[in-house]
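Asker: The sequence and its predicted three-dimensional model are supplied below.
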Amino acid sequence: MSADVENKLRVLREQYARLLPSKIETLAAKWQSLCAHPDETDLAQNLIHEFHTLAGSGTSFGFPEISHLARLAEEELRQADPAALARAPLRQTLDDLLAALAAAARTPVADAQAATVFTSRQVYLLVNDSTLRGTLEKQLTLYGYEAHSFATPEAMLAASETGVPCAMVVDADDCNEAGRYRLRLQRQHAGSAVPLLVIAGAGDVEHRLQAVRAGAAAFFVRPPDPHAFIDTLDKLVHIREQDPYRILIIDDDASTAELYAATLQQAGMHTRVVDRPLTALEHLHEFNPELVLLDLHMPECHGTELAAVIRQLDAHVSTPIVFLSSERDIGEQLAAIRLGGDDFLVKPISGAHLVSAVQSRAARHRLLRSFMVRDSLTGLYNHASTKEMLQRELARARRNGTPLSFVMLDIDHFKRVNDTHGHGIGDEVIKLLARTLRQRLRATDIVGRYGGEEFAVILPDTGSNDARMVIDTLRESFHGRELPGQDGRVFHASFSAGIASYPDFDTDYLLGEQADRALYAAKQAGRNRVRIAGE
């Protein structure tokens, strides 16, 4: 967790605790006013909404007793008719609950449960066969991982005291029963999110069962196919999910929404809070969320009404909408899902539960959408999606008055690579360049496969000269790698690139046309170089 997010969470909790006593005093004053004027239905509904909001926020800020007491008060008021407000039993019950709330507001804040996030590129290896270990280390390094080898499970355990890997790879022959037990302890220490890949000498049921019992997420028969091994590892550590999930939070309770936002940011997501529901559409268009967290009971409009509006937008027909509300009535929850929601989470909710629920649903949405917008070989945006992204980023650059660069890249002499080493190696070169671009560019940069051996990169907030420096560094890094060719031979690949920038070219058509011309100029000048349009 970054220091900024950690500090934001601390400030939000301290602010909530500081304002809580006065908030409860305000509730008590409204209750007394309602007792004096029991026929004022608007005042009664407002008070119910205030208790409802408090019930949903208390536990999240470390005050579970506040949530419990506020929920009891809300239920008492919902069930009461105006005549009951004049009778002693209800008045006494609410007075007692408000007194208990005031006392609970002075209770020290409980520690909030944090979600663990793993961002390491380290892979731990427990493979004693020197030939196999060397092959795996070379393959891992080639594709941007850091390989760290250990001789025993104890050594891996000791290493995990100071760092957490993104994955563990174990040769089953190097782990007896005691070793597998220690390995399970090690993984529990590191966190269950760390995937385990097991290699064994045979693929029979017994070996596979042993791997499953050790917690394996993948199994390979020795020696594993290097490309299949890397593809599986990529999927397990979610390399294609490096771009943070974009989560839009719509909730009229701004403080609670900000807490949820900080909690999701802590887990590596991008968030945006909307506390005025009627402004949601402009944020949907600009932020383009992968999931919407939506409160149910809001004063400007009901959550189901806003969900129906969102579902009318073609761009968000499939965007997951998860209701997050204190509403516990099953009928209300099912109605919300029937009217446009995908799931219903009940406030209060722990940070770990919120992160897990949001991550799983956003991941599923991204996976399903990837079949439509991503290239199957590389996982990059396909041609059509890249063009849509360019239009969106160009519109943003115009609004903000910031530069934007569009880059066209093409692998040099790619036909020669296919003819010399085969199409399988050619595909690996394409995938390697895709990985290089994903790993070395910023999360805000957009990478697409235009077709064949041609790629496109969108660099927001980047002028042409800065873009040239970035792409040139990538070009040198890619060209410097030794690639495994046919019959054990190694070779080097390179790419050429052309750059066009806004505001020099102010339409997406001109950016594409000029970048393509600059790429052609780079090819004509000898390849393995970068050119800027107009030079």
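Answerer: Thanks, I have the structure now.

Asker: going forward, measure contacts and count neighbours with C-alpha atoms only.
Answerer: OK.

Asker: Quick one: mean pLDDT over the longest helix anywhere in the chain.
Answerer: Ranked by number of residues, the top helix in the chain under DSSP state H is helix 3-36. Mean per-residue pLDDT for helix 3-36: 80.

Asker: in that helix, what's buried?
Answerer: For helix 3-36, burial by neighbour count (16 or more other CA atoms under 10 Å) applies to 5, 8-9, 12-13, 16-17, 20-21, 23-24, 27-28, 30-31, 34-35.

Asker: now the angle from the helix or strand where L101 lies to helix 3-36?
Answerer: L101 is part of helix 88-104 when elements are defined by DSSP states H and E. Here helix 88-104 points in a direction 160 degrees away from that of helix 3-36 (axes from the mean of the first three to the mean of the last three CA atoms, to 10 degrees).

Asker: residues in contact with helix 88-104?
Answerer: With contact meaning CA atoms under 8 Å, 6 or more residues apart in numbering, helix 88-104 is reached by 21, 24-25, 27-28, 35, 63, 65-66, 69-70, 72-73, 76, 84-85.

Asker: Which two of those have the greatest separation?
Answerer: Taking CA to CA, the two most distant members of the contacts of helix 88-104 are F63 and A84; they sit 29.8 Å apart.

Asker: So for the two, which sits in the more crowded spot?
Answerer: A direct count of neighbours by other CA atoms under 10 Å for F63 and A84 places F63 higher, at 24 against 15.

Asker: Can you give me the distance of A493 to C166?
Answerer: A493 sits 28 Å away from C166, going by CA to CA, to the nearest Å.

Asker: So for these two, which sits in the more crowded spot?
Answerer: Legend: neighbour count by other CA under 10 Å for A493 and C166, higher for C166 (23 against 19).

Asker: Show the pLDDT at the closest residue in space to G485 that isn't next to it in sequence.
Answerer: In this structure, G485 finds its nearest non-sequential neighbour in H421, 5.8 Å apart by CA to CA, 6 or more residues apart in numbering. Looking at H421, its pLDDT is 87.

Asker: how many neighbours does H421 have?
Answerer: Using other CA under 10 Å, H421 is surrounded by 17 other residues.

Asker: Kindly provide the distance from it to D410.
Answerer: From H421 across to D410, the span is 19 Å (CA to CA).

Asker: again, but for L69
Answerer: Counting by CA to CA, the gap from L69 to D410 is 64 Å.

Asker: Who has more neighbours out of the two?
Answerer: Set L69 next to D410 and count neighbours by other CA under 10 Å: D410 wins out with 24 against 21.

Asker: Helix, strand, or coil at that one?
Answerer: Secondary structure, DSSP: H, G, I helix; E, B strand; the rest coil: D410 is strand.

Asker: repeat for F344
Answerer: Per three-state DSSP, F344 ends up strand.

Asker: Could I get the contacting residues of it?
Answerer: By CA under 8 Å, 6+ apart, the contact set of F344 is V322, F323, L324, S325, Q333, A336, I337.

Asker: Would you confirm that the first one contacts L293?
Answerer: Yep, that's V322 we're talking about. Yes. With contacts counted by CA atoms under 8 Å, V322 reaches L293, the gap being 5.0 Å.

Asker: Skipping adjacent residues, who's closest to L12 in space?
Answerer: Closest residue to L12 apart from its sequence neighbours, by CA to CA, 6+ apart: L259 at 6.6 Å.

Asker: burial measure for that neighbour, as a count.
Answerer: L259 is flanked by 22 other residues according to other CA under 10 Å.

Asker: Checking it next. Helix, strand or coil?
Answerer: helix.

Asker: ok, it - contacts?
Answerer: Applying CA under 8 Å, 6+ apart to L259 gives the contacts L9, L12, S60, F61.

Asker: How much space separates the closest residue to the last one other than its chain neighbours from R366?
Answerer: So that's F61. What sits nearest to F61 in space, not counting adjacent residues and going by CA to CA, 6+ apart, is R13, at 5.6 Å. Going from R13 to R366 by CA to CA gives 32 Å.

Asker: Skip ahead from the helix or strand of the chain with the lowest mean pLDDT and say which helix or strand is next.
Answerer: One helix or strand of the chain scores below all others by mean pLDDT, DSSP states H and E: helix 177-190, with a mean of 52. Counting by DSSP H and E, the element after helix 177-190 in chain order, helix or strand, is strand 196-200.
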